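Participant: Next input, structure requested:
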Amino acid sequence: MRSLFFQLNQKMRKFISLLVLTVALGQASFAQVADSVQRHVVLQGAANFRDLGGYKTKDGHEVKWGKVYRSADISKLTDADLQVLRDKHITTDVDFRGHQESAAAPDKLNPNTDYILCPAGSDSLNNSMMKGMMAHKANGDSLITSFYTNTKYLKDRYKPFFDKLINLPDDQSLLFHCTAGKDRTGIGAALFLYSLGVPYNTIVADYTATNYYRKDENVKAIAGMTKMMNIDPDAAKAMMAAKKEYLDATFAAINQQYGSVDNFLKTQIGLTNQQIKTLKAKYLQ
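Facilitator: Numbers count the residues shown, from 1 in each chain. This next block holds a predicted model:
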C-alpha cells in the first residue's frame, strides 16, 4: 500500500493527504484545508499567521502572494520563525494591540524591522471587555457585537496601517496583527481587501477562517475563561468565534455613519482615487 501511494503523481498525493486531514479535523471544510496549504505560514511561536494573497477581485485580478500577512500575537517567535520572516522579506510590522498588551508581550522582530503600534481604543477596549465578560456571562454575542459596531477608533487605528501599505517598498512585505488575530486584525484585513475590490463574501470567508486557524488556541482560551472567570461556556465560545454577523455589524455601522465603506475609506482613512490606484498596482496582479 505504501509503495502504491508513492507511485502516484505529486498532485494526487497532495489531494489524498488533504482528504485524510479533512476527515481527521472533522469540522474543517475541504476548501479551508486546501487553502491553508498555500496560505498558512506554520510557525512555532505564533498562530493564525497567513498570507492574504490569492483572493480574486470583482474585476478579475488577484491579490499578490507574499506581500501582506496577518497574524495573532508574535511575542513568542523562535529564531527559526524569525528566519521565516526574513525569507518572506517582512520588514514592516503593524501592531493593533494597546499599550498594556504590547508592553506585556513585546513583538519578537528581526533587526531593522519598521514597527508601528496602532493602539487607538485598545486600552479602553481591554478594560471594557474584562468588565463586560463578567457582566455578560451568558451573552457573549452582545459583548463582541458592541465592539464591532463601535466606529469611534477606526480612523486612528487603521489610517497608519494604510499609510504603511501605500508606502511599502515593492521588494518588501508587511505583517499586521493583534493578540488573537481575530477582531482588530480581522477588521483591518477586511478593509484592506475591500479597498482592492475583493468581493464581500470572500472577505467574510477570510475573516471566518480564523475559526479554523485558531481551533486549538480557542479550545484552550474557552476552557480558561470558563474555569478561571466563571464565564458561561456558550458565551465564551461566542467571544472567541469569528462570526459573519460580527463583521456584518462593522460594515453596517460604517455604512450607517459614513454612507458607504468607500466614503469611509476616502474621508476617514484619507484614501484618494490615486492612492486606491496605488494600492491596486502594488497588491494586485
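
Participant: Give me the nearest residue to L247, chain neighbours excluded.
Facilitator: Y207 (4.9 Å; CB to CB, 6 or more residues apart in numbering). For the C-beta atoms, the positions are set from N, CA and C on the backbone; glycine is no exception.

Participant: contacting residues around that neighbour?
Facilitator: Shown in contact with Y207 (CB atoms under 8 Å, 6 or more residues apart in numbering): G186, A189, A190, A242, K244, L247.

Participant: secondary structure class for it?
Facilitator: helix (DSSP: H, G, I helix; E, B strand; the rest coil).

Participant: hmm, back to that, so among the contacts of Y207, where is pLDDT lowest?
Facilitator: Lowest in pLDDT among these is A242, which has 93.

Participant: And it, how close does it get to N255?
Facilitator: Separation of A242 from N255 (CB to CB, to the nearest Å): 20 Å.

Participant: what about those two, which has more around it?
Facilitator: More crowded of A242 and N255, by other CB atoms under 10 Å: A242, with 24 against 14.

Participant: Buried by neighbour count, from the contacts of Y207: which ones?
Facilitator: Buried by 16 or more other CB atoms under 10 Å: G186, A189, A190, A242, L247, out of the contacts of Y207.

Participant: Quick check, the last one in contact with V204.
Facilitator: This points to L247. Yes: the criterion here is CB atoms under 8 Å, and L247 meets it with V204 at 6.0 Å.

Participant: what sits in contact with each of these two?
Facilitator: Contacts common to L247 and V204, judged by CB under 8 Å, 6+ apart, are absent.

Participant: Could you give the separation of stretch 233-245 from the chain centroid?
Facilitator: A distance of 16 Å separates the centroid of the chain from that of stretch 233-245, by CA atoms, centre = their mean, to the nearest Å.

Participant: Can I get that stretch as CSV, trimmed to CA atoms?
Facilitator: Provided in CSV are the C-alpha atoms of stretch 233-245 (Å, rounded to 0.1, in the frame of the first residue of the first chain):
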residue,chain,number,x,y,z
PRO,A,233,-19.2,28.2,28.0
ASP,A,234,-21.6,29.3,25.3
ALA,A,235,-20.7,32.9,26.0
ALA,A,236,-17.0,32.1,25.9
LYS,A,237,-17.4,30.3,22.6
ALA,A,238,-19.2,33.4,21.1
MET,A,239,-16.4,35.7,22.4
MET,A,240,-13.7,33.6,20.7
ALA,A,241,-15.6,33.0,17.5
ALA,A,242,-15.2,34.8,14.2
LYS,A,243,-18.8,35.0,13.1
LYS,A,244,-20.0,36.5,9.9
GLU,A,245,-22.6,38.5,11.9
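
Participant: Count the residues that sit near the closest residue to F251 other than its chain neighbours.
Facilitator: Closest residue in space to F251, ignoring its immediate chain neighbours: V261 at 6.3 Å, by CB to CB, 6+ apart. By other CB under 10 Å, the residues close to V261 number 17.

Participant: how close does V261 sit to V68?
Facilitator: 19 Å.

Participant: Tell me which two of the contacts of Y207 sit farthest apart.
Facilitator: A189 and K244 (14.2 Å; CB to CB).

Participant: count of neighbours near P106?
Facilitator: Counted with other CB under 10 Å, P106 comes out at 12.

Participant: Now do M225, the pLDDT please.
Facilitator: The model's pLDDT for M225 equals 81.

Participant: now M239
Facilitator: 83.

Participant: can you tell me how far it sits from I222?
Facilitator: M239 is 8 Å from I222, by CB to CB.

Participant: and if you look at S36?
Facilitator: The gap separating S36 from I222 is 22 Å, by CB to CB.

Participant: again with G188
Facilitator: 24 Å.

Participant: can you check C118 too?
Facilitator: Distance from C118 to I222, by CB to CB: 27 Å.

Participant: And for N112?
Facilitator: Taken as CB to CB, the span from N112 to I222 is 38 Å.

Participant: Between those two, tell me which one has more neighbours.
Facilitator: Neighbour count, other CB under 10 Å: between N112 and I222, I222 has more, with 20 against 7.
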